[in-house]
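S.K.: Structure, please.
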Amino acid sequence: MKDLYTALGKGHRRVAIVAGTGAGKTVIGGKICADTVARGLRLIFIVHLDVLVGQTYRKMESFGLRCGFIKAGWREDPEAPIQIASIQTMAQRSWWRQWKAQVILFDEGHTTIFSQIGQEIIYETHPRAVHLALTATPYRLGREQLGDHMETLVASPVPSELQRMGYLAPMKYYGVSKEGQIDLTGVRTIAGDYDERDLKNACDRPELVQRIVEEYHRLVSGKRAIAFCIDVEHARHVAEAFQASGISADLVDGSTPIKERHRLYAALASGELLVLTSCNVISIGFDEPSVEVGMLLRPTQSRALHQQQIGRVMRISPRTGKTHGIILDQAGNLQRLGFPEDIKAYYLPTRREPGESDKTPAKQCPDCNRLVWGFMMKCPECGYVWENEQHIHTDDLVEVLSEHQQKLPMIEFYRKQRKKMFQTGESPNWIKRIFFNKFGCLPEAHWCRGAIFGDDPTIADKHAFKNYLMRQAQQQGKDISWVMNEFQQEFGANEWEGVF
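M.R.: Alright, predicted model coming up:
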């Protein structure tokens, strides 16, 4: 929130807010609304799915806020300072065009911003308002990107940092080797993603449906799971195959009534239902932390969809003893689009710089079948050492390591050395040299965050570290910019205020 208000204070009127799974997107939205009302201003909160209206309203209620609605079947109240609006209903009504809102909050901004209504609001009906695009991912398919309409970006910590802080569950990934992936030859690309009709022919096949059921029993038997399917018929086939294998399963789709959806979600939470299959329903707005397994059965080229699907099983659940989330990727999406943990920073993409895809695992261990990155010469699972490159075909799903997961021993070593460095008065550059001698590469700057003082440092901690850095700078002939850079690596950007 501090970064957002800093951006607004600098005069920005269009700000993208990136908050991935576990970063508290709904709380951020509620806080923005509460702050807006406290300033005597009015706000329109735009959602792109009707089912999200009730979810948004419950969050507004928790902040004690009065809301009106632009949604069929919900009470209109133009005098309320907050209007929760469905994109679909806004297209059918016109009074909101004259409703003077000073703030427009676009939920799932990578979608709502690009609708006809979204464009009308930004450029015609409310051009002088503050426009905030709240999203879990700033990327989208197609030429137009969020940066073509937003001026700047503020972001929550990346998923690996949220995992380190305990806000997200660690993950395990199982995928297929490149040779064993679904054959997408002949599958056309329409509007930037695979054509669903062609995907159905490639993926909704009895042998593939049966295979994912077998892999569930082999790898994660008895765990709560959700399956992301191509269409309703595919979702039905998968649910029926699980039922035939003795697993309680059901499906949810766009036509499922809200009450029935809530019943199914509650059954999944209680363990009465173990597998819930869907088509474009539980990728967004679904929030059941106890779910441990996500089955990726629909190949996609959309990084946004890919990250949202994985995010459904990344939430922590102390109540159920969940220790980690698990992805079973039959669609090859991990190979194609990468891992949430490997996001190093968020950027505001534009049509000229849409952002690059993440790297993908490149080879498979011939002894234990684990997929690892091409630069690794020793398997972290079984210790196999590569003497020459080879790929081994397998029909089984095998565990896949994200780049971040492969680097975890390096990160742990460096963070321990950083803490020891401060305690013994060693130089940060000396610790980097020790790291380089051990691993043959330099550590990444973001590994420093909270290494010495944790995630809740006191003002005394900051002063102590500043004094330590000033002594190091004097001894090594470094200037104040070096001190500031090292300070911000430990505590974060702009945390020097009030200390220097």
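
S.K.: Where does pLDDT dip in the stretch 301-450 of the chain?
M.R.: 354-366, 368-377, 386-395 (pLDDT under 70).

S.K.: hmm, 80 instead?
M.R.: 352-382, 386-396 (pLDDT under 80).

S.K.: same question, the chain
M.R.: For the chain, the ranges with pLDDT under 80 are 22, 49-52, 142, 176-181, 282-286, 352-382, 386-396, 494, 497-498.

S.K.: Show me the domain layout of it.
M.R.: 2-157, 164-343, 405-491 (automatic domain parsing).

S.K.: Distance to Arg351 and mean neighbour count for these - can I get that in CSV?
M.R.: (C-beta placed from N, C-alpha, C; glycine too.) Shown next, in CSV, are the domains of the chain (distance: least, CB to CB, whole Å; neighbours: other CB atoms under 10 Å):
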stretch, distance to Arg351, mean neighbour count
domain 2-157, 5, 18
domain 164-343, 12, 19
domain 405-491, 28, 15
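
S.K.: Redo those domains as TSV? Include distance to Pro380.
M.R.: Output for the domains of the chain, formatted as TSV (distance: least, CB to CB, whole Å):
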stretch	distance to Pro380
domain 2-157	25
domain 164-343	13
domain 405-491	7
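
S.K.: Tell me which of these sits nearest to Asp367.
M.R.: Asp367 sits nearest to domain 164-343 of all the domains of the chain, at 14.1 Å, using CB to CB.

S.K.: The closest one: end-to-end distance?
M.R.: Domain 164-343 has its terminal residues 14 Å apart, counting by CA to CA, to the nearest Å.

S.K.: same check, this time on stretch 61-76
M.R.: Stretch 61-76: ends 16 Å apart by CA to CA.

S.K.: Contacts for it next, please.
M.R.: Contact with stretch 61-76 is made by 30-31, 33-34, 37, 44, 50, 53, 57, 60, 77-86, 89-90, 92-93, 96, as judged by CB atoms under 8 Å, 6 or more residues apart in numbering.

S.K.: Restricted to helices, list the residues you listed.
M.R.: The helices, defined by DSSP state H, take in Gly30, Lys31, Cys33, Ala34, Val37, Val53, Tyr57, Met60, Thr89, Met90 from the contacts of stretch 61-76.

S.K.: if I look at the residue lying closest to the fourth one once chain neighbours are set aside, how far off is Gln55?
M.R.: Closest residue to Ala34 in three dimensions, ignoring its sequence neighbours and counting by CB to CB, 6 or more residues apart in numbering: Phe63, at 4.6 Å. The gap separating Phe63 from Gln55 is 14 Å, by CB to CB, to the nearest Å.

S.K.: swap in Gln181?
M.R.: Where Gln55 is concerned, Gln181 sits at a distance of 35 Å (CB to CB).

S.K.: do the same with Tyr347
M.R.: Taking CB to CB, one finds Tyr347 at 28 Å from Gln55.

S.K.: Which parts of the stretch 251-400 of the chain are strands?
M.R.: 275-278, 293-296, 325-329, 363-364, 371-372, 398-400 (DSSP state E, counting those that start in this stretch).

S.K.: Could you dump these into CSV with distance to Glu444 added?
M.R.: Rendered in CSV, the data for the strands of the stretch 251-400 of the chain read as follows (distance: least, CB to CB, whole Å):
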stretch, distance to Glu444
strand 275-278, 37
strand 293-296, 28
strand 325-329, 24
strand 363-364, 23
strand 371-372, 19
strand 398-400, 21
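
S.K.: which residues touch Met470?
M.R.: Val483.

S.K.: Return the distance of whatever helix or strand it lives in from the chain's centre.
M.R.: In this structure, Met470 is located in helix 459-476 according to DSSP states H and E. Once both centres are worked out by CA atoms, centre = their mean, to the nearest Å, helix 459-476 turns out to sit 35 Å from its chain's centre.

S.K.: what does stretch 23-31 give?
M.R.: Using CA atoms, centre = their mean, the offset of stretch 23-31 from its chain centre is 14 Å.

S.K.: quick revisit: now for the ones in helices among the contacts of stretch 61-76, which pair is the farthest apart?
M.R.: Lys31 and Thr89 (25.4 Å).

S.K.: related to what we said a few turns ago, what's the next secondary structure element after the helix holding Met470?
M.R.: Immediately after helix 459-476, counting by DSSP H and E, sits helix 480-491.

S.K.: Out of the strands of the stretch 251-400 of the chain, which is closest to Ala244?
M.R.: Per CB to CB, nearest to Ala244 of the strands of the stretch 251-400 of the chain: strand 275-278, 11.9 Å.

S.K.: Show me what that closest one is packed up against.
M.R.: strand 225-228, helix 232-244, strand 249-252, helix 258-270 (3 or more CB pairs under 8 Å, 6 or more residues apart in numbering; DSSP states H and E).

S.K.: could those go into TSV alongside distance to Tyr139?
M.R.: Below are those laid out as TSV (distance: least, CB to CB, whole Å):
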stretch	distance to Tyr139
strand 225-228	18
helix 232-244	25
strand 249-252	26
helix 258-270	28
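
S.K.: With respect to Tyr414, which of the ones in helices among the contacts of stretch 61-76 is nearest?
M.R.: Lys31 (34.2 Å).

S.K.: gap between the nearest residue to that closest one once chain neighbours are set aside and Ala7?
M.R.: Using CB to CB, 6+ apart and skipping residues adjacent in sequence, the residue nearest Lys31 is Met1, 6.1 Å away. The spacing between Met1 and Ala7, counted by CB to CB, is 11 Å.

S.K.: Ile182 too?
M.R.: 43 Å.

S.K.: cool, and Gln330?
M.R.: 41 Å.

S.K.: Identify, by residue count, the longest helix of the protein.
M.R.: helix 403-424.

S.K.: helices or strands next to that helix in the packing?
M.R.: Helices and strands touching helix 403-424, by 3+ CB pairs under 8 Å, 6+ apart, are helix 428-439.

S.K.: Other residues contacting the helix it packs on?
M.R.: Here helix 428-439 has contacts from Met410, Phe413, Tyr414, Gln417, Arg418, Met421, Leu442, Pro443, Gln472, Gln476, Glu486, using CB under 8 Å, 6+ apart.

S.K.: what's the angle between that helix and helix 459-476?
M.R.: Our comparison of helix 428-439 with helix 459-476, counting by axes from the mean of the first three to the mean of the last three CA atoms, to 10 degrees, yields an angle of 80 degrees.

S.K.: how distant is helix 428-439 from the center of its chain?
M.R.: Worked out by CA atoms, centre = their mean, helix 428-439 lies 32 Å from the chain centre.

S.K.: ditto for stretch 3-11
M.R.: 24 Å.
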